[in-house]
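Asks: Could you look at this predicted model? Sequence included:
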Amino acid sequence: MGQNTVILKVALPTPLRRLFDYLPPKTKTEQAILPGVRVQVPFGRRTLVGVVMDIAQESEFELAKLKPITALLDETPLFPKDLLTFFYKAANYYHHPIGEVVFSGLPQALKQDKKLKTPKAVPESISQTSPYQFSPEQDKAITNILAQRDHYATYLLQGITGSGKTEVYLEIARQLLQTDKQVLILVPEISLTPQTLTRFEERFGGQVASYHSQLTPAKRRDVFLNIQQQNIKVVIGTRSALFLPFQSLGLIVVDEEHDPSFKQQEGFRYSARDLAVLRSMLLKIPVILGSATPSFESLHNAALGKYQLCLLPTRATKVALPKIELIDVRHKKLKSGLSAALLDQIKKTIAKKAQVLLFINRRGFAPVYMCFDCGWFAECPNCESKLTYHLSKNKLICHHCERVMFLPSQCPECKSEALNAIGQGTEKVEEAICQAFPNQTIARIDSDTTRKKGSLDTLLDQAHNHDAQILIGTQILAKGHHFPHLALVAILDADGGLFSADFRAQERMAQLLIQVSGRAGRVHQAGRVLIQTFHPEHPFMSQICSQDYSQLAETLLAQRQRSHLPPFSHLALIRANHTQTELPENFLMQTQQSLKTQYPDGTIQIKGPVPSPFHKRQGRYHYQLLLQAEDRKSLHKAISYSSYLLESSKLGRKLRWSLDVDPIEMI
Ligand code: ADP
Ligand code: ZN
Ligand code: ZN
């Protein structure tokens, strides 16, 4: 092989777990080709856009068989070197094809083989200092974190809602901006936290941008390039913002770090929180994980000393935390899920000209539509799951595949006409509340009423300005909002999480309940939270009432430890599905047997294959195989081995399968 042979190692958007070798273009180019540039290459009969990951002198293939690239698309690297390393490490950790990892963060406009246009100029930047005198705890967090500005460290900023976490982010960002650093703030969903974006814009002006999937392709491309050219310094973004080409990133913040939406649930199934820690490690910069209710994984890491815990134990505004009380609904008559005691409290709150929020985590009118004579209930033929009755449409809707069905006029089994909707959804609660309070304005906020563009903003405005006296909503209302007039929060169905098969159900329920409670009593007075329950004596409920999240987490973590569940062990889930039920089952059975032969000593526990809890979905049968190990290294070896098995299996080509490292949903 010649001295000056140059081989370009190119990542392409294909599901193959490798890079592809190409030669430089036939026509001599002036400039050297550097890692991080986009190129156009022939691939089979197509041409694809790829990213040069590395330049090598050797190839495992014969030089004569390698093809030259057909075009060089960027003059300077689009991705800095550290980002390329980050892509490699992320692909390795999640055992995901490198090309798909690289391309998952690239805006659509940059996946095309066009040379780049100069992005739109950004408005002028400003830098305002905080209008507040920081509390001693805020001060301490700011000083500690800034002292480590040139090192990697993960800070777990645990502070109750309203304790001033966002002010901490703003102040650290301000100081980092003075030294020309860039700052990334990851949030679960932008549309649900518009106030965070506004606060950053007010402080820092045009150097702030948001980045999420609802931006137009042109806007996404502009933000991407302006970050690369350092015109934009602060990004408030959802998980994919982690892959943006910052040149001088100085801090990553993961706000509401416990939120499950940081985990991508399809394709490249990464956790943006965990990858934020990895990216900070590679860049040697601090990362802040902020939450009122940290994930048990993060609390565990703090207990192990891997993360540094910073506490903000009091509300910055000095408004007391709401009081949480239970309403025992055993042997009580409920009207559409509402107890007389609750209705009475709603009445009293409204009489005081304050606002009420009713939280119910189920949209639609009623979750079951059934025959009172024979017990038949309406199911989705695609998904084998119960159909939800929607009053406004007078139809049955499947919440998994969105299939809409007409109401039967009689029971398909026994021909009876005694068909009824049972259970409660937001629509049914709304109907009952409208009857009980005919003179009040009621705003229902769930994914049905917020589907139209702009409707969420309108409803949120109504809530903020107190144009609506009673808010009824799902978890959309649990996140980040500040409703200044809200005095009473009622939770209608808190029992669901207590006896679930999902080992994370109680953690989730605790986070949700505390987050929703945090909406009450923000400005003028302490709020109240009422939880209706059939299990007032359950220890979980008394711990929720005492609002000691750390104590509750400790109890639940001790249970996890006894049962060897995460974070005390590590999981990976292999999923497979097909329209024929035997195929995925056989496929996973083969994998299970090979794994058992490979790991006879039990370092890897293999559970399954079993039908997924949600077995039939959109006409396909889903199965899963769970791998569990106490030691992460062994687990990763087993996953590597599995992915080799899965890829080399003939059966594997017929069906859809995926690997999920650190799964958070077992469906
Ligand atoms: P969190 O992010 O923890 O919910 P925020 O940073 O949003 O808390 O602060 C809650 C409210 O308190 C905001 O209105 C904020 O402007 C105000 N605030 C924050 N820090 C202080 C402080 N040191 N003194 C007075 N008010 C503060
Ligand atoms: Zn019947
Ligand atoms: Zn369905």
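Replies: Noted; the coordinates are in hand. Ligands and ions are numbered 1, 2, ... in the order given.
Asks: Longest strand in the chain, please.
Replies: What stands out as the longest strand in the chain, according to DSSP state E, is strand 605-617.
Asks: same for whichever helix or strand comes after it, what does it pack against?
Replies: Where DSSP states H and E defines the elements, the next helix or strand beyond strand 605-617 is strand 620-629. With contacts taken as 3 or more Cβ pairs under 8 Å, 6 or more residues apart in numbering; DSSP states H and E, strand 620-629 sits against strand 570-578, helix 582-598, strand 605-617, helix 632-648. Just so you know, the C-beta spots here come from the backbone N, C-alpha and C atoms, and that holds for glycine as well.
Asks: Who are the packing partners of the second one?
Replies: In this structure, helix 582-598 makes packing contacts with strand 570-578, strand 605-617, strand 620-629, helix 632-648, helix 650-654, judged by 3+ Cβ pairs under 8 Å, 6+ apart.
Asks: Residues touching the first one, excluding its own?
Replies: The one in question is strand 570-578. Strand 570-578 is contacted by residues 583-584, 587-588, 591, 612, 617, 620-632, 635, 638-639, 642, 646, 654-663, 666 when judged by Cβ atoms under 8 Å, 6 or more residues apart in numbering.
Asks: List the pairing partners of that strand within its sheet, with orientation.
Replies: Strand pairing for strand 570-578, using DSSP bridges, gives strand 620-629 (antiparallel), strand 656-661 (antiparallel).
Asks: tell me the angle of the last one relative to helix 582-598?
Replies: Think strand 656-661. 40 degrees (axes from the mean of the first three to the mean of the last three Cα atoms, to 10 degrees).
Asks: Buried residues in strand 656-661, which are they?
Replies: For strand 656-661, a neighbour-count test (16 or more other Cβ atoms under 10 Å) marks 657, 658, 659, 660, 661 as buried.
Asks: and the angle for it with helix 632-648?
Replies: Relative orientation of strand 656-661 versus helix 632-648 (the same axes, to 10 degrees): 170 degrees.
Asks: swap in the first one?
Replies: With the same axes, to 10 degrees as the criterion, the two stretches strand 620-629 and helix 632-648 enclose an angle of 150 degrees.
Asks: I'd like to know which residues of the chain are adjacent to ligand 2.
Replies: Residues of the chain that fall close to ligand 2, judged by Cβ under 5 Å from the ion: 371, 373, 374, 376, 411, 413, 414, 416.
Asks: Ligand 1 next: which of these are close?
Replies: Contacts with ligand 1 within the residues of the chain next to ligand 2, counted by Cβ under 6 Å from any ligand atom: none were found.
Asks: Now, these that are in strands?
Replies: If you go by DSSP E, the residues of the chain next to ligand 2 have residue 371 in strands.
Asks: Using PyMOL, make a named selection holding only the buried ones among the residues of the chain next to ligand 2.
Replies: Only the buried entries of those go into this PyMOL selection, using 16+ other Cβ under 10 Å:
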select buried, resi 371+376+411
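Asks: Show me what from the stretch 151-300 of the chain comes close to ligand 1.
Replies: Contact residues, the stretch 151-300 of the chain versus ligand 1 (Cβ under 6 Å from any ligand atom): 159, 161, 162, 163, 164, 165, 166, 167.
Asks: Phi first, then psi, for the second one.
Replies: In this case it means residue 161. When read as degrees, to the nearest 10, the backbone of residue 161 gives phi -60, psi 130.
Asks: Need the pLDDT of the closest residue to residue 612 other than its chain neighbours.
Replies: In space, and not counting its chain neighbours, residue 612 is closest to residue 622: 3.9 Å by Cβ to Cβ, 6 or more residues apart in numbering. Looking at residue 622, its pLDDT is 91.
Asks: so what's residue 622 up against?
Replies: Counting by Cβ under 8 Å, 6+ apart, residue 622 touches 575, 576, 577, 584, 611, 612, 614, 615, 616.
Asks: Make TSV from the residues you listed and add neighbour count and distance to residue 50 to it.
Replies: TSV is the format used below for the contacts of residue 622 (neighbours: other Cβ atoms under 10 Å; distance: Cβ to Cβ, whole Å):
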residue	neighbour count	distance to residue 50
575	22	29
576	26	29
577	23	30
584	28	32
611	15	39
612	20	35
614	14	37
615	18	39
616	21	39
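Asks: following the helix or strand hosting residue 460, which helix or strand shows up next?
Replies: Using DSSP H and E, the element containing residue 460 is helix 455-464. Downstream of helix 455-464, the next assigned helix or strand under DSSP H and E is strand 470-473.
Asks: circling back to that earlier point, ok, the buried residues of strand 656-661 vs ligand 3, which is closest?
Replies: Taking Cβ to the ion as the measure, ligand 3 lies nearest residue 658 of the buried residues of strand 656-661, at 20.2 Å.
Asks: That closest one and residue 268 touch, don't they?
Replies: No. When contacts are counted by Cβ atoms under 8 Å, residue 658 is not listed as touching residue 268 (9.9 Å).
Asks: which stretches of the stretch 251-400 of the chain form strands?
Replies: Here the stretch 251-400 of the chain has its strands, by DSSP state E, counting those that start in this stretch, at 286-291, 307-312, 323-328, 355-359, 368-371, 388-390, 395-397.
Asks: can you list those in JSON lines and add mean pLDDT?
Replies: Shown next, in JSON lines, are these (pLDDT from 0 to 100):
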{"stretch": "strand 286-291", "mean pLDDT": "97"}
{"stretch": "strand 307-312", "mean pLDDT": "95"}
{"stretch": "strand 323-328", "mean pLDDT": "92"}
{"stretch": "strand 355-359", "mean pLDDT": "92"}
{"stretch": "strand 368-371", "mean pLDDT": "84"}
{"stretch": "strand 388-390", "mean pLDDT": "87"}
{"stretch": "strand 395-397", "mean pLDDT": "89"}
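Asks: For stretch 657-667, what is the spacing between the initial and final residues?
Replies: One end of stretch 657-667 sits 13 Å from the other (Cα to Cα, to the nearest Å).
Asks: For the stretch 251-400 of the chain, which segments count as helices?
Replies: Taking DSSP state H, counting those that start in this stretch to define them, one finds helices in the stretch 251-400 of the chain at 272-283, 296-303, 340-351.
Asks: Which among those is found nearest to residue 264?
Replies: Nearest to residue 264 among those is helix 272-283; the distance by Cβ to Cβ comes to 7.5 Å.
Asks: Make TSV from the helices of the stretch 251-400 of the chain and add mean pLDDT and distance to residue 98 to it.
Replies: Shown next, in TSV, are the helices of the stretch 251-400 of the chain (pLDDT from 0 to 100; distance: least, Cβ to Cβ, whole Å):
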stretch	mean pLDDT	distance to residue 98
helix 272-283	98	15
helix 296-303	97	26
helix 340-351	94	54
